[in-house]
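sequence and predicted structure are below.
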Amino acid sequence: MALVTSTEMFKKAQAGGYAIGAFNVNNMEIIQGIVEAAKEEQSAIILQVSAGARKYANSIYLRKLVEAAVEDSGLDIVLHLDHGENFDIVKQCIEDGFTSVMIDASHYPFEENIRITKEVVDYAHAHGVVVEAELGRLAGVEDAVKVKKEDATYTDPDEAVEFVERTGVDSLAVAIGTSHGAYKFKGEPRLDFERLEIIGKKLPNTPLVLHGASTVLPEFVELCNKYGGNIPGAQGVPEEMLRRAASMNVAKINIDTDLRLAMTAAIRKFMYENPSEFDPRKYLGPAREAIKGMVKHKIKDVLGSSGSNLK
Ligand SMILES: O=C(CO)COP(=O)(O)O
Ligand SMILES: O=C[C@H](O)COP(=O)(O)O
Ligand SMILES: [Zn+2]
Ligand SMILES: [Zn+2]
């Protein structure tokens, strides 16, 4: 039981044809819900912290909560920085005890992305920390940045090979049609599996990462809307597509929006049904249960990572 890097987890996931869930954390109830589910499933997990989460909760609080989760659950857990923007935030997270960091310089030109990523890789590796980088650009909302559909670009397989060789990065986030947030597709969902397969063949030893991989389960959107929400037309990545990606070279699947929807649906329902309650534990308790239920479903039915903590 410890905070670990993802190196072994990814090797086993790639060999076993499953993926590790990387769940975004922002407060105690979210962490507890995720970790309770992972413990019951004896699944390896990654808890990831965005710059927005650091700002909201303060990095020290999140780190201490994650340390408590390791101690309480007896699981090996990766503490990962999600979408690190620059060298400084990476450095701070490494000083804070993170075991994995993402440097996301995907919005820079290719050569600049390589330069920034390589600087991070050299520093992180010298500190025993692993690095995820991104090549290609996802559409959707990321912190305060909104990438329009027309500005999104899919990952070029040959560039991916050159990028991994020149940076020495441990894992690579690819753009194949997923996007952040609750509005991923207007019509039929479509991912470029052909591209994913080519990248996997060219980079057999590089675990690939799928961002923007929430399913946006209709029942949770409906629950939000039924109890006063207004989230029309939300659509995510179908579960069978995620299973297919997990069976290929995708070793890490990022999930945030589905946790937000589950938590919000539970709180909305409670508030609607219990207008005279004002004890936060009364609605944060069901919210934590909703997170747990969502993560259990992901681990068992989508990622296929049950039992991976022991393997
Ligand atoms: O990629 C993500 C975090 O980095 C989360 O994606 P979703 O918005 O699909 O949950
Ligand atoms: O990739 C984005 C994640 O969903 C994190 O979102 P956030 O930046 O709002 O914390
Ligand atoms: Zn990005
Ligand atoms: Zn992301």
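Looks like it arrived, so ask away. Ligands and ions are numbered 1, 2, ... in the order given.

quick check: the nearest residue to residue 174 once chain neighbours are set aside vs ligand 1, distance?
Excluding its sequence neighbours, the residue lying closest to residue 174 (C-beta to C-beta, 6 or more residues apart in numbering) is residue 155, at 4.2 Å. All C-beta atoms are positioned from the backbone trio N, CA, C, and that covers glycine. Going from residue 155 to ligand 1 by C-beta to the nearest ligand atom, to the nearest Å gives 15 Å.

okay, buried residues for stretch 185-197 please.
Buried residues in stretch 185-197, counted by 16 or more other C-beta atoms under 10 Å: 185, 191, 192, 195, 196.

wait, residue 139 sits on residue 176?
No: the pair residue 139 / residue 176 is not scored as a contact, 11.7 Å apart, by C-beta atoms under 8 Å.

quick one, what contacts residue 157?
By C-beta atoms under 8 Å, 6 or more residues apart in numbering, the residues touching residue 157 are 195, 198, 199, 202.

what of residue 202?
157, 158, 160, 161.

hmm, 6 Å instead?
157, 161 (C-beta atoms under 6 Å, 6 or more residues apart in numbering).

with the one 4 residues further on instead?
Contacts of residue 206 were listed using C-beta under 6 Å, 6+ apart, and they are 164, 172.

give me the phi and psi for the residue of the stretch 51-200 of the chain found nearest ligand 1.
Residue of the stretch 51-200 of the chain nearest ligand 1, by C-beta to the nearest ligand atom: residue 180 (4.2 Å). The phi and psi values for residue 180, taken as degrees, to the nearest 10, are phi -70, psi 150.

isn't it up against residue 212?
Yes: assessed by C-beta atoms under 6 Å, residue 180 is found in contact with residue 212 at 4.6 Å.

tell me how far the residue most central in space within the chain lies from ligand 2.
What sits nearest the mean C-alpha location of the chain, by C-alpha atoms, centre = their mean, is residue 254, with 2.4 Å. Per C-beta to the nearest ligand atom, residue 254 is found 7 Å from ligand 2.
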